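A.B. asks: Following is a predicted model, sequence given first.
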Amino acid sequence: MIQLILGILLLGLVHALIPNHWLPLVAVAKAENWSKRDLTKIAFLSALAHVSGTVLLGIVLGNVGQTLAHRYDDYVHVIAPVLLIVFGLIYFTINLPHHHHSKQEEILAYKKSKRRWILIFVVMMFLSPCLEVESLFLSAGAYGMNHVIVMAIAYAIVSISGIVALVLFAYQGIKLLNTHFFEHHEKRLTGGILIGVGVLSFFIH
């Protein structure tokens, strides 16, 4: 179970770094002249919506994993790690090239009220859960729903704090990382983490 928590913490961090999780919000904040306080609140709400969508789906899959564990004795020790490795290989090999278009330009092309912007970001983030982490929730279900909840909390803390921090740093003009690298290697990073967790699961129970 330790390896699953480590995996979801790493994935939570990686996905917080993906530019489309926070860069459009920064672009709108600057275009609309939002205060830093307003931006912080909206960034938190958007990140919370994103995490909520991911966690709700994760809880459903956790229940599926718990059911599988009750029916198949080998699920925890054999099938679950194999599934993680398979998902990891899939993500690692489908690192498709991104189309270069500026989200900032798309957003700055029109203006909306602050309330409507909040609704847009919250709905958009809620409806785009990080599907990559769901395989970890599925595996965690084999250990019981208590473990799924622990993973959900860990994922929420890392993702929300990461997204809000990056929004504020970017708003201040502080560039802490190469967003181009994360944008183009997201799938490989995700795949590598899932493969690593799957391999560790064979040895750590």
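C.D. replies: Received the coordinates, thanks.
A.B. asks: Looking at the chain, which helix is longest?
C.D. replies: helix 36-71 (DSSP state H).
A.B. asks: Same question for that one: list its buried residues.
C.D. replies: 39-40, 42-43, 45-55, 57-59, 61-62, 65-66, 68-69 (16 or more other Cβ atoms under 10 Å). The way it works is simple: take the backbone N, C-alpha and C, and place the C-beta from them, glycine included.
A.B. asks: who are the neighbours in contact with Val197?
C.D. replies: Neighbouring residues of Val197 by Cβ atoms under 8 Å, 6 or more residues apart in numbering: 3-4, 6-7, 84, 88, 136.
A.B. asks: Most neighbours among these, please name it.
C.D. replies: In terms of neighbours by other Cβ atoms under 10 Å, those top out with Leu136 at 30 neighbours.
A.B. asks: which residue packs closest to that residue, ignoring adjacent ones?
C.D. replies: Spatially, and ignoring its direct neighbours in sequence, Leu136 is nearest to Ile8 (5.0 Å; Cβ to Cβ, 6 or more residues apart in numbering).
A.B. asks: tell me which strands and helices the helix or strand containing that neighbour is in contact with?
C.D. replies: Secondary-structure assignment from DSSP states H and E places Ile8 in helix 2-17. Packing partners of helix 2-17 (3 or more Cβ pairs under 8 Å, 6 or more residues apart in numbering; DSSP states H and E): helix 134-140, helix 145-171, helix 179-203.
A.B. asks: pLDDT of the second one, averaged?
C.D. replies: The average pLDDT within helix 145-171 is 89.
A.B. asks: buried stuff in that helix?
C.D. replies: In helix 145-171, counting by 16+ other Cβ under 10 Å, buried: 147-148, 150-152, 154-156, 158-160, 162-164, 166-168, 170-171.
A.B. asks: From the contacts of Val197, pick the one nearest Ala142.
C.D. replies: Nearest to Ala142, judged by Cβ to Cβ, of those is Leu4 at 9.6 Å.
A.B. asks: how much space between Ala31 and Asn20?
C.D. replies: 17 Å (Cβ to Cβ, to the nearest Å).
A.B. asks: Tell me where the chain is predicted with low confidence.
C.D. replies: Across the chain, the ranges flagged by pLDDT under 70 are 1, 72-78, 80, 91-92, 94-112, 174-187, 189, 191, 194, 201-205.
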